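Asks: here is my input, please return the structure:
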Amino acid sequence: MESAARGKCVASVLLPVLLAGCAGAVNDAHTAQARSVASAANTRAAPIPAATMFKDRTAYFAQRFDTDALSEDTKDAVIGANLPPVSFGRIVVHTRDQIMIGNQTAPSTFTTDITYESAGHGLVRRMQSVQSNGFEIETRFDLQYRGYVPFLTQEVPDNAVVLPPVMESRKVIHFDAATEGHSNFSYLYGASGRPTSQSPSQFVCDSGRTYGAAQINPAISGEALELDCQAINGNGVTFSKMTFAYLKAYGIALPLHIRNTSGGFDSTITGFTVQ
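Replies: Got it, this is the predicted structure:
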């Protein structure tokens, strides 16, 4: 029970744009229709046992989080943008994270092991294992543009019996691929087997200072560009603010700070290996 509760608390802070954007983003006028469609979809789709993933995380990760897993509209937008791939094959990152939940007087400490893999077209697969006191509490999978713009996300607590739905970008409305200056990613989203949102959400970023990436961890080469990003739901409400370090030598962004209504997240990079 304690492990499950901690996992739920971590997820409430670390929820990516696609997941957190769900709250209140489907218009009231479509609620009845959405429930009807979701009910029908859930009836048709048999739940996938979580044991399928736990048995071989690496295979599950490779098979279900690549370009072919994207919706046709999103896939066409990504491939049509003709984006260059990231400049690495695989990176492993270890972090120590301080997380404040709600009215906590002191932060909780978690450790994570994160694997990034090139998925082509500027996309990366991201697999993260979160531990508390040496025990795994959650596994998270992502397909992202250069580590910060979300396309697919799934979070699986360690006690899951069936796999939760994958949150996915269904249609890209606008996509600025440049990391320098101001960028905007606008999209419609949905959970697998459920309706698509009726109003677009946004992920907006502005670049800031440039500094030596070794300040984050001595093993990281080159320069880091600070990215300050906001997640905005379909009602135009900013529900999460994030700071990333975009590593120019590798073409990937690492999350360092998150602030939202659930709490705060601050990450320290304790290990960085390019494989």
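
Asks: contacts only, for residue 275.
Replies: 89-92 (C-beta atoms under 8 Å, 6 or more residues apart in numbering). All C-beta atoms are positioned from the backbone trio N, CA, C, and that covers glycine.

Asks: may I ask which of these has the most neighbours?
Replies: Neighbour counts for the contacts of residue 275 peak at residue 91, which has 23 neighbours (criterion: other C-beta atoms under 10 Å).

Asks: distance check, that residue against residue 52.
Replies: Using C-beta to C-beta, to the nearest Å, residue 91 is found at 26 Å from residue 52.

Asks: so which bits of stretch 111-127 are buried?
Replies: Within stretch 111-127, the residues that count as buried by 16 or more other C-beta atoms under 10 Å are 112, 114-119, 121-127.

Asks: ends of it, how far apart?
Replies: End-to-end distance for stretch 111-127, by C-alpha to C-alpha, to the nearest Å: 14 Å.

Asks: do the same with stretch 196-215
Replies: Taking C-alpha to C-alpha as the measure, stretch 196-215 stretches 41 Å from start to finish.

Asks: how distant is it from the center of its chain?
Replies: With C-alpha atoms, centre = their mean, to the nearest Å as the basis, stretch 196-215 stands 12 Å off its chain's centre.

Asks: for that stretch, the averaged confidence score.
Replies: For stretch 196-215, mean pLDDT is 95.

Asks: same check on stretch 134-144?
Replies: Taken as a whole, stretch 134-144 has an average pLDDT of 93.

Asks: now go through the contacts of residue 275 and say which are in strands.
Replies: Applying DSSP state E to those, the entries found in strands are 90-92.

Asks: wait, which of those is closest to residue 197?
Replies: Nearest to residue 197 among the ones in strands among the contacts of residue 275, counting by C-beta to C-beta, is residue 91 at 31.7 Å.

Asks: residue contacts, the closest one?
Replies: Going by C-beta under 8 Å, 6+ apart, residue 91 touches 115-116, 250, 252, 272-275.

Asks: any idea which of the residues you listed is closest to residue 217?
Replies: Distances from residue 217 to those, taken by C-beta to C-beta, are shortest for residue 272, at 4.8 Å.

Asks: show me the beta-bridge partners of that closest one.
Replies: On the basis of DSSP bridges, residue 272 is bridged to residue 93.

Asks: all strands for the stretch 101-250 of the chain, in order.
Replies: With DSSP state E, counting those that start in this stretch as the criterion, the stretch 101-250 of the chain has strands at 108-120, 123-132, 135-145, 149-157, 167-175, 182-191, 201-212, 223-232, 238-247.

Asks: packing partners for the third one?
Replies: Meaning strand 135-145. Under the contact definition 3 or more C-beta pairs under 8 Å, 6 or more residues apart in numbering; DSSP states H and E, strand 135-145 sits against helix 2-14, helix 57-64, strand 123-132, strand 149-157.

Asks: make it 7 Å
Replies: helix 2-14, strand 123-132, strand 149-157 (3 or more C-beta pairs under 7 Å, 6 or more residues apart in numbering; DSSP states H and E).

Asks: next one: the longest one
Replies: Contacts of strand 108-120 with other secondary structure elements, assessed using 3+ C-beta pairs under 7 Å, 6+ apart, are made with strand 90-101, strand 123-132.

Asks: I'd say residue 268 and residue 95 touch.
Replies: Yes. Between residue 268 and residue 95 there is a contact under C-beta atoms under 7 Å: 6.3 Å.

Asks: of the two, which one has the most company?
Replies: Neighbours per residue, other C-beta under 10 Å: of residue 268 and residue 95, the larger number sits with residue 95, 21 against 12.
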